[in-house]
Each structure stands twice: as C-alpha cells, then as structure tokens.
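1. requesting a structural model of the entry that follows:
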Amino acid sequence: MTKTSPPTVLEAPRCVWPAGATLGEGTLWSVREQALYWVDILERRLHRFDPAGGERKSWDFDEEISALAERANTPGLIVTLRRGFALFDPAASEVPPKYLHQPEPELPANRFNDGKCDAEGRFWGGTMDFACEAPTGALYRFDPDGRCSRHDQGFAVTNGPTWSQGGGTMYFNDTVTGRIYAYDFDMAAGTLANKRQWLRFARGDGLPDGMTTDAAGRLWIAHWGGACVSCHDPLSAEELCRVKLPTSHITNCAFGDADLCTLYITSATSGLTPAQREAEPEAGALFAVRIDSPGLPAPLFGG
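-> Numbers count the residues shown, from 1 in each chain. The predicted structure follows:
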C-alpha cells in the first residue's frame, strides 16, 4: 500500500454548540437522522445536534454515559453507561435505560469510556479507572446476541477504537502512556492478534483521545492537552496535517453531514486551571470543520 496523501482543511474550526461540557466525548453521526449525537460523560448527558436547522436536544441520565452506536434493525442506540452496555431510544426517552451486561462487577472504581462498532455490528468498548491512575481498564467486545468477551487489559484510560480501511487492523489508545496500539484484526472472528505500538505522542503534544478513520484510510486523532486533531498515515503513522482548536482538551471526532466531509470535534473543561478557563472561553464546545475528503458512515450495532 502506498502512502496516503494529505487532506486539505478548508476552513478554520467553528463552534457550533458552546456547551461548556465538562467532558465532551462519544461523537456519532447518524446517517438516517442526519444529526450528530455526542455526550458529556461527567455531567451524565446525551446531546443531539441537527446541523440543518441548528436544533439542539439533550437527555439527562442517572449515571455516566460515554459512547454509543445506532442499532441496525430497530430504532434507538446501544450505549455504554458507567458499568456496562445498555439500550436507549431517544424517541422513547426511557431513562434510566435497561442494562444488557455489566462485565466488571468486581471493579466498582472503573467506568466505561470510549467505544464504537466494527463493520460486523459488534460493539467494542473500553473501561478505565475513574481516577485515571490504576491500570484496571480493559477492552471488551459486546455481540448482538448478548455475548461479551474481553480482548485486552491493563489500561488506566482507554480510548478508540478505530479500524483501518478494509478492517484488517484495529487501533486502540492507551491514553495515559501516550501510546496508540495496532492489532491484527480478524473481521470474521472478531479477534485481535499481534499487538504493537503504532504511534507514541511526543512529550508536550498532548495525549491520544478519541479517533476516527476517513474514507482514504487516514486516522484522525484528538489530542487531550494538545489543542488539536492530527491526521495520520495508517501504515507509517506519519502526521499528514492537523486541525488546531482554541482550547486545550480535545476529546473525540467524527465525520458528518450529508457528504461526510465535516469533522465534528468535542472538547472538555475538565482538568483546566481557572486561568486556562478564562483564556479558553470555548472549552467544552462542539466544533465543526470542513475537510476536502469524506469520512465513513458509522457501522450499526447488529450487522
């Protein structure tokens, strides 16, 4: 495979929702609704943004909500709450949603963090230490038939995953150490092998947070503490470009709009000093920026 070409960022990022989120995360573009879902994990809130009309809607939960995917064969979402996987239908607004599975009853100090579906409709979600210190987090796969399996462990904070073009590689972030790992991914079996370090962020460039893959196979990675999203070649990990943001803690990103050429980006106020908060009035906002090439539709839960 040849090196991918750099994309072009067509404009400066613009704030589309000055939400002041404590911990914005969980970006998901709904193709069928033409709207962006995202969450504020620590405020236990799900948001929905309709770019066509500018409509904003939010739902409050009884516990942290961290990641989500649309269901393939029925309305609604699969979500990760603090302790596990659950179903939630925004149209029905049933809060709290019903848990499907809680994989770590013996680890009450853990919570779920980032996650998304693979192309076969299985939801991958990672857990983490709520204090971001102990390496008690793990990576789980939750199948549409209700089976749950653990595929890696030993993380203080998990983020990702995302997949290569074609799905033969899965990338996953060990955020606290600044490392992004690559695994050989068997799409048919849903299994991982040959874990290796794909990229480690340079000191002072923040920590790898949420990420996504575009239609050219390039990875777009949010920098916690780095005030940017960087774009990378999938094989060499070479940085191809970066989108600079007006606040430090950038947390997640997803391509959206009808042409999938708008990169939506979440951010956080958590961890900022009072001086940083004053200097970064758009901290916690949802941003949007146009790119000259598209992303990929998010896979649905259930195949």
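2. nearest residue to the most centrally placed residue in the chain other than its sequence neighbours?
-> Nearest to the geometric centre of the chain sits residue 210, at 4.1 Å (C-alpha atoms, centre = their mean). Excluding its sequence neighbours, the residue lying closest to residue 210 (C-beta to C-beta, 6 or more residues apart in numbering) is residue 252, at 3.0 Å. Using the backbone N, CA and C atoms, a C-beta is placed for each residue, glycine as well.
3. partners of the helix or strand encompassing the one you found, with directions?
-> Using DSSP states H and E, residue 252 maps to strand 250-256. Strand partners for strand 250-256, identified by DSSP bridges, are recorded as strand 262-267 (antiparallel).
4. low-confidence ranges, the stretch 101-250 of the chain, go.
-> Low-confidence segments of the stretch 101-250 of the chain (pLDDT under 70): none present.
5. distance-wise, check residue 137 relative to residue 233.
-> For residue 137, the distance to residue 233 equals 28 Å [C-beta to C-beta, to the nearest Å].
6. what segments of the stretch 151-300 of the chain are strands?
-> For the stretch 151-300 of the chain, the strands defined by DSSP state E, counting those that start in this stretch cover 158-163, 169-174, 179-186, 191-200, 207-213, 219-224, 228-232, 239-244, 250-256, 262-267, 286-290.
7. indicate which one of those strands is closest to residue 14.
-> Closest approach to residue 14 among these (C-beta to C-beta): strand 286-290, 5.8 Å.
8. give me the contact list for that closest one.
-> Contacts with strand 286-290, where a contact means C-beta atoms under 8 Å, 6 or more residues apart in numbering, come from 9-17, 19, 21, 24, 36, 38, 47, 49, 51, 243, 245, 261-267.
9. residue 188 versus residue 59, what's the distance?
-> Distance, residue 59 to residue 188, by C-beta to C-beta: 36 Å.
10. compare the two (neighbour count), which wins?
-> The residue with more neighbours, out of residue 59 and residue 188, is residue 59; 17 against 7, by other C-beta atoms under 10 Å.
11. and that one, what helix or strand is that in?
-> strand 55-60.
12. residue 121 too?
-> Counting by DSSP H and E, residue 121 is found in no helix or strand.
13. one more: the one 10 residues further on?
-> Under DSSP H and E, no helix or strand contains residue 131.
14. burial measure for it, as a count.
-> Applying other C-beta under 10 Å, we find 11 residues neighbouring residue 131.
15. was I right to think it contacts residue 109?
-> Yes: with contacts counted by C-beta atoms under 8 Å, residue 131 reaches residue 109, the gap being 7.0 Å.
16. which of the contacts of strand 286-290 count as buried?
-> By neighbour count, with 16 or more other C-beta atoms under 10 Å, the contacts of strand 286-290 hold 9, 13, 15-17, 19, 21, 24, 36, 38, 47, 49, 51, 243, 245, 261-267 as buried.
17. direction included, what does the helix or strand hosting residue 46 pair against?
-> Assigned by DSSP H and E, residue 46 belongs to strand 45-50. Here strand 45-50 is paired, per DSSP bridges, with strand 35-40 (antiparallel), strand 55-60 (antiparallel).
18. as CSV, those strands with distance to residue 293 would be great.
-> Conversion of the strands paired with strand 45-50 to CSV gives the following (distance: least, C-beta to C-beta, whole Å):
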stretch, distance to residue 293
strand 35-40, 19
strand 55-60, 27
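19. in JSON lines, list those strands along with mean pLDDT and distance to residue 277.
-> What follows is the strands paired with strand 45-50, written out as JSON lines (pLDDT from 0 to 100; distance: least, C-beta to C-beta, whole Å):
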{"stretch": "strand 35-40", "mean pLDDT": "98", "distance to residue 277": "16"}
{"stretch": "strand 55-60", "mean pLDDT": "96", "distance to residue 277": "22"}
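20. for residue 71, which of these is the nearest?
-> Among the strands paired with strand 45-50, strand 35-40 comes nearest to residue 71, with 12.7 Å by C-beta to C-beta.
21. now the angle from that closest one to strand 286-290?
-> 140 degrees (axes from the mean of the first three to the mean of the last three C-alpha atoms, to 10 degrees).
22. check what contacts strand 35-40 and list those residues.
-> Strand 35-40 is contacted by residues 19, 21-30, 45-51, 65-68, 77, 252, 254, 256, 264, 266, 284, 286 when judged by C-beta under 8 Å, 6+ apart.
23. let's see it at 6 Å
-> Identification of contacts with strand 35-40 by C-beta atoms under 6 Å, 6 or more residues apart in numbering yields 21-22, 24-29, 46-50, 65, 68, 256, 264, 266.
24. again with stretch 50-60
-> Residues contacting stretch 50-60 (C-beta under 6 Å, 6+ apart): 35, 45, 46, 47, 48, 49.
25. go with 10 Å
-> Stretch 50-60 is contacted by residues 16-17, 19, 29-30, 33-37, 39-40, 43-49, 65, 88, 90, 93-95, 97, 256-258, 262, 264, 286, 288 when judged by C-beta atoms under 10 Å, 6 or more residues apart in numbering.
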